[in-house]
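Q: my questions concern the predicted model and sequence given below.
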Amino acid sequence: MSYDLSLLGWTDSRAAELPGDTVPGRVSRVDRGTAEVVTSAGRHHARYGARVRRASAADPVALPCVGDWAALKPLPAGDYELAELLPRTTAFVRGGVSRDSRGGLSGDGQGQVLAANVDIVFVAEPSMHATDLADLGRIERLTALAWESGGTPVVLVTKSDLFGPGLGDLLDDVRQAAPGVDVHAVSSIRGEGVELVRDYLDGSRTAVVLGPSGAGKSTLVNALAGGEVMETQRVRAADGRGRHTTVHRELIPLPGGGLVIDTPGIRRVGLYDMNEGVERVFSDLEALAAECRFHDCGHETEPGCAVLAALESGELPERRLESWRKLQREAAWMASRTDARLRKDLQSKWKSIHKEMRRSGRNRP
Ligand SMILES: Nc1nc2c(ncn2[C@@H]2O[C@H](COP(=O)(O)OP(=O)(O)OP(=O)(O)O)[C@@H](O)[C@H]2O)c(=O)[nH]1
Ligand SMILES: [Zn+2]
């Protein structure tokens with residue numbers, strides 16, 4: 001079987017970065033010391049070359065991961081060696097990497113890249129989750145992680161058929177929680193909004209779908225993939241080659257173009273660095289805070305506080321201010337855990353955060 005690499009997201013700018021005497025391949029799955037790669041000639045296993053082994057021993061961020069583009073050296077036996085990784089345009093990194101090393105090959109030795117070269121990050125939040133309404137705080141959190149990866153977030157309010165009247169108001173609230181981000185209602189079961197989602201993948205872009213369990217992520221991916229993924233899994237189940245099912249689950253080329261990366265790691269979105277992502281999700285609050293009279297305003301009792309003014313006028317929901325504080329604390333905690341250089345700076349910030357927490361605790365009715 002042969003593949004048209006442009007359908008896997010290969011571009012001229014990546015081609016310009018390919019070293020001589022190598023061929024390009026996209027990593028569809030990784031194992032200890034080897035990766036499964038898709039080249040124009042099909043799927044192959046590629047052992048890591050000396051350069052990759054050396055770099056990843058020094059820092060796991062240099063380990064190949066799903067979505068990476070790799071430079072492959074053809075071996076005499078017809079196999080390939082994974083000689084090096086091409087520069088990542090985006091990366092989902094778990095723990096332990098300072099931001100400037102995210103796309104490169106250095107860090108503090110604790111990070112792990114879960115997925116690379118993801119263009120679009122769909123944040124799926126169900127309009128109704130059992131009896132609960134959509135969780136705006138979770139949308140803010142996942143959207144921050146999406147920005148931090150370098151990809152473009154798109155919020156999908158899934159299972160929209162469950163909501164009934166008032167969906168428009170919910171979408172307005174969601175838009176306020178993710179300023180500057182496209183927001184769409186989707187019902188995979190009714191097929192509503194699915195084509196809109198597909199349009200984001202035009203030009204063979206790569207996406208991931210983040211969201212809580214039960215958000216309808218698999219149902220959406222199946223709706224995008226049509227019968228093809230289902231058919232593949234049925235055939236695979238019949239011949240018992242479980243490994244291939246996994247491959248298809250991790251880097252899924254869609255029949256209409258584009259790819260979806262779906263790994264267990266990316267689904268269980270845990271702790272990531274997200275300083276910059278939080279700033280972007282709360283860009284409206286950052287802008288307000290810039291207007292406070294004191295540049296180190298804690299937005300608690302200070303005179304001339306633009307944030308408190310917006311709260312009073314009703315322009316800013318209290319929930320959003322609390323969510324901002326919570327995610328700032330979380331981001332600061334992550335950073336302190338992962339980047340020793342920041343630790344000293346953070347100690348002073350922590351003091352004021354604790355003071356703030358004590359103060360708001362005392363103010364609670
Ligand atoms: N009413 C309604 N139900 C849906 C829709 N999409 C998915 N569901 C149902 O919601 C349940 C969960 O859907 P999944 O696609 O498995 O959710 P998931 O996000 O992949 O969940 P995890 O695999 O646990 O992460 C299933 O019973 C689906 O049939 C929808 O658009 N409308
Ligand atoms: Zn203020």
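A: That came in fine, so what should we check first? Ligands and ions are numbered 1, 2, ... in the order given.
Q: unless I misread the structure, E17 falls within a strand.
A: No: counting by DSSP: H, G, I helix; E, B strand; the rest coil, one finds E17 to be coil, located in no strand.
Q: find the nearest non-adjacent residue to it, please.
A: Take E17 and drop its neighbours on the chain: the residue closest to it by CB to CB, 6 or more residues apart in numbering is L86, 5.1 Å away. Using the backbone N, CA and C atoms, a C-beta is placed for each residue, glycine as well.
Q: got a list of what the one you found touches?
A: The contact partners of L86, taken as CB atoms under 8 Å, 6 or more residues apart in numbering, are R14, E17, L18, P24, D68, W69, A70, A71.
Q: same check, this time on A15
A: Counting by CB under 8 Å, 6+ apart, A15 touches P24.
Q: write out the residues of the stretch 151-300 of the chain neighbouring ligand 1.
A: Counting by CB under 6 Å from any ligand atom, the residues of the stretch 151-300 of the chain close to ligand 1 are 158-159, 161-162, 187-189, 211, 213-219, 267.
Q: mind redoing it with 8 Å?
A: Residues of the stretch 151-300 of the chain found near ligand 1 (CB under 8 Å from any ligand atom) are 158-162, 186-190, 209, 211-222, 267.
Q: where exactly do the strands run in the stretch 51-200 of the chain?
A: 69-74, 80-85, 91-94, 112-116, 120-126, 128-129, 132-133, 152-158, 182-185 (DSSP state E, counting those that start in this stretch).
Q: format those strands as JSON lines; extra columns: mean neighbour count, distance to E286 and mean pLDDT.
A: Formatted as JSON lines, the strands of the stretch 51-200 of the chain follow (neighbours: other CB atoms under 10 Å; distance: least, CB to CB, whole Å; pLDDT from 0 to 100):
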{"stretch": "strand 69-74", "mean neighbour count": "21", "distance to E286": "34", "mean pLDDT": "96"}
{"stretch": "strand 80-85", "mean neighbour count": "22", "distance to E286": "34", "mean pLDDT": "96"}
{"stretch": "strand 91-94", "mean neighbour count": "25", "distance to E286": "23", "mean pLDDT": "83"}
{"stretch": "strand 112-116", "mean neighbour count": "24", "distance to E286": "27", "mean pLDDT": "87"}
{"stretch": "strand 120-126", "mean neighbour count": "26", "distance to E286": "20", "mean pLDDT": "96"}
{"stretch": "strand 128-129", "mean neighbour count": "18", "distance to E286": "29", "mean pLDDT": "88"}
{"stretch": "strand 132-133", "mean neighbour count": "11", "distance to E286": "27", "mean pLDDT": "88"}
{"stretch": "strand 152-158", "mean neighbour count": "26", "distance to E286": "17", "mean pLDDT": "97"}
{"stretch": "strand 182-185", "mean neighbour count": "19", "distance to E286": "20", "mean pLDDT": "98"}
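Q: with distance to C292 added, can I get those in JSON lines?
A: Below are those laid out as JSON lines (distance: least, CB to CB, whole Å):
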{"stretch": "strand 69-74", "distance to C292": "45"}
{"stretch": "strand 80-85", "distance to C292": "44"}
{"stretch": "strand 91-94", "distance to C292": "32"}
{"stretch": "strand 112-116", "distance to C292": "37"}
{"stretch": "strand 120-126", "distance to C292": "30"}
{"stretch": "strand 128-129", "distance to C292": "36"}
{"stretch": "strand 132-133", "distance to C292": "32"}
{"stretch": "strand 152-158", "distance to C292": "27"}
{"stretch": "strand 182-185", "distance to C292": "29"}
